Every structure is written in structure tokens, then in C-alpha cells.
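Undergrad: No sequence on hand, only this structure:
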């Protein structure tokens, strides 16, 4: 018993438990007070840095390689298909008006061209619906086009059937079909093209963005390796530690490969965008302007002044023709500036020459039409055995030349974009392998120093 008057002290409890974290921190503190412990910490940090550098490099380059592959295999083909949908619809509208002018004498090749355009647009719409992915705007335009295209073709068939019967109502059906094409189908196709082009630019920007995390980690890793080797030299007076030298070499290779590979990829993708995609956009716009000009030229003869422009004096379709030709001239001038070689400039120059011939022949036909001589104006527009040098023949030259120019720029885009994708090839696997080699070499180099303390 305790003496009288003495207070009883509380019983001592069991000692408090230490967490694994606090024990780990305590061991690190203890290790840091000895050279072997410090070497273990340095080895672990170096290995972790090298592995982190490798992991971030793999992640960032994989992301950019995926974006570059999307540019080549998905977004650019979708953008090109959207442009083809627009061209097919515009060409169908132009061809239908040409066939209407020929009436019962419509050549089979004209009809086949119209049917081919409609079939091509329908096929590309189905393909776009299956591959457009998560683009809500693109899906909306595809739905609108799919709904309106059958209505347009129905109006064209009504116009053809009525025209074969010699009834003037056929012209009204054709004008209504042209209005539907101009106000609904072509604007929807334009919006689809713009949506797919925006996605192409998004993928292209992602592929060309610098892997800043990898580059920063690479420089940090090299700085840590250089510091470790300088420390090793100060403590042992040995110039080289083979393990740390090997780890440094592996890190340098990854960093250089990363920098050079991405620079080459970025340069090639920039070339594809500037010299290929931008040229194709200008050429596609020029080709569409030529198709719309041809449709307006045909409709000028079909309407015979029944549709007036906003000034209530001029023929609407003749005004549209002039505006379309101005757009075509501007587009060809820009395309010549963007063309990167003679193979790209030659078809554009040929198209420009064709436009000049087209203007002259259109003017001659227009003068005859204004005088009321429709029979003389018609063959100068659509051509016949006596009028082979028609405005239609000049349009065919322009259209064929622009098609050749677009095909050339498409090949240039694909070549440059594939070169960009190829520059990233092997970098993902190489970064991972070299990171493992570098981390292992760093541990072995530090282990060699630790063996001296045993």
C-alpha cells in the first residue's frame, strides 16, 4: 500500500504504436546520417526519376501518335468525304440543269453523271454516319441531308418527266429543286464539312503539341544524374561510375529521340496542314464555285428572265454566275500561291486558262440570249456538232483540272502526314525499354558503391 497521505500515481499504459509511415520516415532519417544510407536514397530517387521520365514520355508520345494516326486515317478522310459530298451534290445540281436544257436529247452520259453524283453522295453519307463518332453537329447535318436528298431527286424526276412532255412546268420544278439544293442541301453539306474540318484541326493540334512534361522530366533526370556523378567523384575521386554513365546515356538517348522525333513529326504535320489541307480547302471551294457558276449559267437559259435579282432588273442567275466566277478567280489565284511545286501549279494554271475561255464563250451565248435568239444561245452553252467550243466544254476543262489539282494536294497531304506519324514510330517502345535500362543501370551503379562498404 502507498504511505498515508501519498497520492496514487496513474498506472503506465502500453507504449503508443507507431505507424508504418512514421517508421519509414524514421528509417530514412537514420539512413541519411550514414553514407550507405544516403547512397540507397540516391539510388532509389534516380531510378524513380528515370522510370517516371520514361512513363511520362510513353504517355505523351502515345497520345500524340494516336492523334497523328487519327489525322491520317480518320479525321482527314472524313473531312475529304464531307467535301466530296458537297461537290457531288453541287455537280448533280449542275448536271441536272444541263440535262434539262437538252430535253429529250439528253445524252446518256449526262444522265449517268447525275446518277453517279447522287449515288456517291448517298454512299458517303452512310459512311459518314458510321464513322463520325461523337460529333453531334455532324450527325445533325447527316440526318438533314439524308432526309432532304430524296426530296430533291424527286423534284428532279418531276422536272425531267414534265420537260419530256414539252410542258413549261418542268422549268418551275427544276428551279424549285435548285432552290432546295441552294438553301438546304448545300448549306448542310457545308456545315458538315466545317464540323469535320474542325475535328481534323483539333487532332492536328493535339499531334503537334510539345510533350512539355517529358522534356522537363528529362532535363530534371539528367541534372540529377550529373549531380550524382559529381558527388561520386568528390567522395571517391573516381571519374566514372559505369552504371551511372549508362543511365545517363540512356536518358540522353530518350531525350534526344523525343526532341528530334517530335520536331520532325511536328514539321511534317505542319507541312501537311499548310501545303496540303489548306490548298485542298481552297481548291475545293474553287471547284464548288465553278459548279455553282455552271448551274447558274444553265438556269439563266432555263428561266429566261423569269427570276429577277434583288434590284428587280437583273437576271438572278446571271448575277449569281458573275459572283461565282469572281469567287472562282480569287480561289485560283490563292491556289497558285499555295501550290508547292510545278505538279500542283500546272493543273491550277490550266484551270485558270479554262476560266478565261469560259467567260468569253458565256458572254457570246449571253449576248445571243439577250437578243432573244435562244436557239443560237443554247448550243453555245451546252454544245453540239457545230459548237464544240461551248462554255460547257470550257467548264469541263476547268472541272477536270481542279479535280487533278485536288488529287495532287491530297497525295501531298497524305505523304507529309504519314511522314509525321512515322517520325513517332518506335519512340513509345524505345522510351519504355531505355527507361528500364537506365533505372537498372543507376541501381547497379549505386550498388557497386555500396559493395565497397561491406
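TA: Yes, it's here. Note that the coordinates shown come from a computational prediction; the quantities given were computed from them, not determined experimentally.

Undergrad: Name the surrounding residues that touch stretch 435-447.
TA: 39-40, 42-43, 46-48, 50-51, 53-55, 57-58, 225, 228, 241-248, 250-251, 254 (C-beta atoms under 8 Å, 6 or more residues apart in numbering). (Glycine included, C-beta is placed from N, CA and C.)

Undergrad: what comes up buried for that stretch?
TA: Residues 435, 437, 438, 439, 440, 441, 442, 443, 444, 445, 446 are the ones in stretch 435-447 that count as buried (16 or more other C-beta atoms under 10 Å).

Undergrad: now, which of the contacts of stretch 435-447 lie within helices?
TA: 39-40, 42-43, 46-48, 50-51, 53-55, 57-58, 225, 228, 242-248, 250-251, 254 (DSSP state H).

Undergrad: ChimeraX command for the buried members of the residues you listed?
TA: Under the burial definition 16+ other C-beta under 10 Å, those of these that qualify are selected in ChimeraX by:
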select :39,40,42,43,46,47,50,51,53,54,57,58,225,228,243,244,246,247,248,250,251,254
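
Undergrad: quick one: low-confidence parts of the stretch 351-454 of the chain?
TA: Applying pLDDT under 70 to the stretch 351-454 of the chain picks out residues 384-388, 453-454.

Undergrad: Recalculate using a threshold of 50.
TA: The stretch 351-454 of the chain contains no residues with pLDDT under 50.

Undergrad: Helices along that one, start to end?
TA: In the stretch 351-454 of the chain, the helices defined using DSSP state H, counting those that start in this stretch lie at 374-382, 391-423, 427-451.

Undergrad: and residue 166, what helix or strand is that in?
TA: Under DSSP states H and E, no helix or strand contains residue 166.

Undergrad: any idea how far it lies from residue 34?
TA: 108 Å (C-beta to C-beta, to the nearest Å).

Undergrad: next one: residue 432
TA: 34 Å.

Undergrad: Compare those two (neighbour count), which wins?
TA: It is residue 432, of residue 432 and residue 34, that has more neighbours when counted by other C-beta atoms under 10 Å, with 16 against 11.

Undergrad: Distance check, that one against residue 218.
TA: 14 Å.

Undergrad: Then residue 372?
TA: Note on residue 372: its distance to residue 218, by C-beta to C-beta, is 79 Å.

Undergrad: ok, the two, which is more surrounded?
TA: More neighbours surround residue 218 than the other of residue 372 and residue 218, with 25 against 10 (other C-beta under 10 Å).

Undergrad: can you pull the contacts of the residue lying closest to the more buried one once chain neighbours are set aside?
TA: If the residues on either side of it in the chain are set aside, residue 218 comes closest to residue 255, at 3.9 Å by C-beta to C-beta, 6 or more residues apart in numbering. Going by C-beta under 8 Å, 6+ apart, residue 255 touches 215, 218, 219, 222.

Undergrad: now residue 413
TA: When contacts are counted by C-beta under 8 Å, 6+ apart, residue 413 is found next to 76, 272, 275, 276, 277, 280.

Undergrad: Relative to residue 80, how far out is the fourth one?
TA: The reference is to residue 276. Applying C-beta to C-beta to residue 276 and residue 80 gives a distance of 11 Å.

Undergrad: Next, format the contacts of residue 413 as JSON lines and append distance to residue 323, secondary structure and neighbour count.
TA: Listed next are the contacts of residue 413 as JSON lines, based on distance: C-beta to C-beta, whole Å; DSSP: H, G, I helix; E, B strand; the rest coil; neighbours: other C-beta atoms under 10 Å:
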{"residue": "76", "distance to residue 323": "30", "secondary structure": "helix", "neighbour count": "26"}
{"residue": "272", "distance to residue 323": "32", "secondary structure": "helix", "neighbour count": "27"}
{"residue": "275", "distance to residue 323": "29", "secondary structure": "helix", "neighbour count": "19"}
{"residue": "276", "distance to residue 323": "28", "secondary structure": "helix", "neighbour count": "25"}
{"residue": "277", "distance to residue 323": "26", "secondary structure": "helix", "neighbour count": "25"}
{"residue": "280", "distance to residue 323": "23", "secondary structure": "helix", "neighbour count": "25"}
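
Undergrad: any idea which element residue 268 lies in?
TA: helix 242-271.

Undergrad: ugh, wrong one, residue 155
TA: Assigned by DSSP H and E, residue 155 belongs to helix 136-164.

Undergrad: per-residue pLDDT, residue 158?
TA: Residue 158 carries a pLDDT value of 90.

Undergrad: Among the contacts of residue 413, show me the least confident.
TA: Within the contacts of residue 413, lowest confidence goes to residue 275 (79).

Undergrad: I'd say that one and residue 417 touch.
TA: No - using C-beta atoms under 8 Å as the test, residue 275 is too far from residue 417 to be in contact (10.9 Å).

Undergrad: tell me, what residue is most central in the protein?
TA: Per C-alpha atoms, centre = their mean, the C-alpha nearest to the average position across the chain is that of residue 200, at 2.6 Å.

Undergrad: That residue - nearest residue in space that isn't next to it in sequence?
TA: residue 75 (4.1 Å).

Undergrad: Kindly report the same for residue 390.
TA: residue 383 (3.5 Å).

Undergrad: tell me the contacts of the one you found?
TA: Taking C-beta under 8 Å, 6+ apart, one finds 390, 392, 393 in contact with residue 383.

Undergrad: Roughly how far does it sit from residue 307?
TA: 24 Å.

Undergrad: and what of residue 204?
TA: Counting by C-beta to C-beta, the gap from residue 204 to residue 307 is 43 Å.

Undergrad: So between these two, which is more surrounded?
TA: residue 204 (23 against 17).

Undergrad: Please state the offset of the helix or strand hosting that one from the chain centre?
TA: Element membership for residue 204, per DSSP H and E: helix 186-208. Between the centre of helix 186-208 and the centre of its chain there are 7 Å (C-alpha atoms, centre = their mean, to the nearest Å).

Undergrad: Just list what that helix packs against, helices and strands only.
TA: On a contact count with 3 or more C-beta pairs under 8 Å, 6 or more residues apart in numbering; DSSP states H and E, helix 186-208 meets helix 35-70, helix 76-102, helix 136-164, helix 242-271.

Undergrad: For residue 356, which of those helices is the nearest?
TA: Residue 356 lies closest, by C-beta to C-beta, to one member of these: helix 76-102, at 19.9 Å.

Undergrad: following the closest one, which helix or strand shows up next?
TA: Past helix 76-102, the next helix or strand by DSSP H and E is helix 108-131.

Undergrad: can you list the residues that contact that next one?
TA: Outside helix 108-131, the residues that touch it by C-beta under 8 Å, 6+ apart are 74, 78, 81-82, 84-85, 88-89, 91-92, 95-96, 98-99, 102, 138-139, 142, 145-146, 149, 153, 156, 192, 196.
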